[in-house]
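>>> Need coordinates for the following:
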Amino acid sequence: MRQLSFKRHRFPPDIIRHSIWLYARFTLSFRDVEEMLAERGLDISYETIRRWFLKFGFVIAANLRHIRPKPSDHWHLDEMVIVIQRKRYWLWRAVDNEGEVLDFLVQRRRNAKAAKKLMKKLLKKHGFAPSRIVTDKLRSYPSAFRSIGLVAEHDRGLKANNRAENSHQPVRRRERKQQRFKSPGSAQRFLNIHSATYNTFYHQRHLNRRPYYKELRTAAFDAWKTTSAAA
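Alright, predicted model coming up:
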């Protein structure tokens, strides 16, 4: 796990970490974060916050993923349309059966080659093959699975993939707030940080009693502080 160096920065590390957390955790713009900090007497421009997010966010996300427990072997795959500079792209996403974001990939096509690329990335990243995969009726998935020799159970039943469909909602909210992503690369970078933060702070509140939920939330804040600690 990498530590961050905040040397030669005018503001203390706690303020920098808090600014990054606000933008990554909630559906806010950089200007929203600027005003929230201004209310606390901190004169920081939105451009400074943007630079902090780009500089430190990727390392924090990598550290958060490093300490995450192993995900479930039941995977849900789905794809959604995003428009970037008036061109249609496909955001391919994978989550497990508990809502943990496994990975994502922004691609121009919605075909077997794109599905195969996503699966190879997932297998390489997590180091194990799933026992069950749930997808929609897209025929590219069976073709991609056959080409890489994947033998997992493949469920394509009606409404079976609601878990993946619902996982798109936070991305849609951020896309609207940002008035669409500016490029495939910027979308990939932002979602890399956003998904790691989302996984850390995502707790199924309705399934947990209040005392245990408080423990989970405290553990999430501790993980954020640890992974963004100064060198």
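>>> how about the helices in the chain?
Counting by DSSP state H, the chain has helices at residues 13-25, 30-39, 46-66, 112-126, 140-148, 162-167, 169-177, 184-201, 210-227.
>>> Please parse this structure into its domains.
The record's domain split for the chain, according to automatic domain parsing, is 1-66+199-231, 74-182.
>>> For residue 190, find the nearest of the ones you listed.
Checking the domains of the chain against residue 190 by CB to CB gives domain 74-182 as the closest, at 7.2 Å. Every C-beta, even on glycine, is put in place using the N, C-alpha and C of the backbone.
>>> what's the residue closest to the geometric middle of this protein?
residue 195 (1.2 Å; CA atoms, centre = their mean).
>>> The residue nearest to that residue when sequence neighbours are not counted bridge partners, please.
Excluding its sequence neighbours, the residue lying closest to residue 195 (CB to CB, 6 or more residues apart in numbering) is residue 101, at 4.2 Å. Listed by DSSP bridges, the beta-bridge partners for residue 101 are residue 95.
>>> In the helix or strand bottoming out on mean pLDDT in the chain, which residues are buried?
Among the helices and strands of the chain, helix 162-167 carries the lowest confidence by mean pLDDT, DSSP states H and E, at a mean of 83. Within helix 162-167, the residues that count as buried by 16 or more other CB atoms under 10 Å are 163-164, 167.
>>> can you list the weak-confidence ranges in the chain?
Scanning the chain for pLDDT under 70 picks out 206-207, 231.
>>> you'd agree the residue nearest to the centre of the chain is up against residue 104?
Yes - counting by CB atoms under 8 Å, residue 104 is a contact partner of residue 195 at 6.6 Å.
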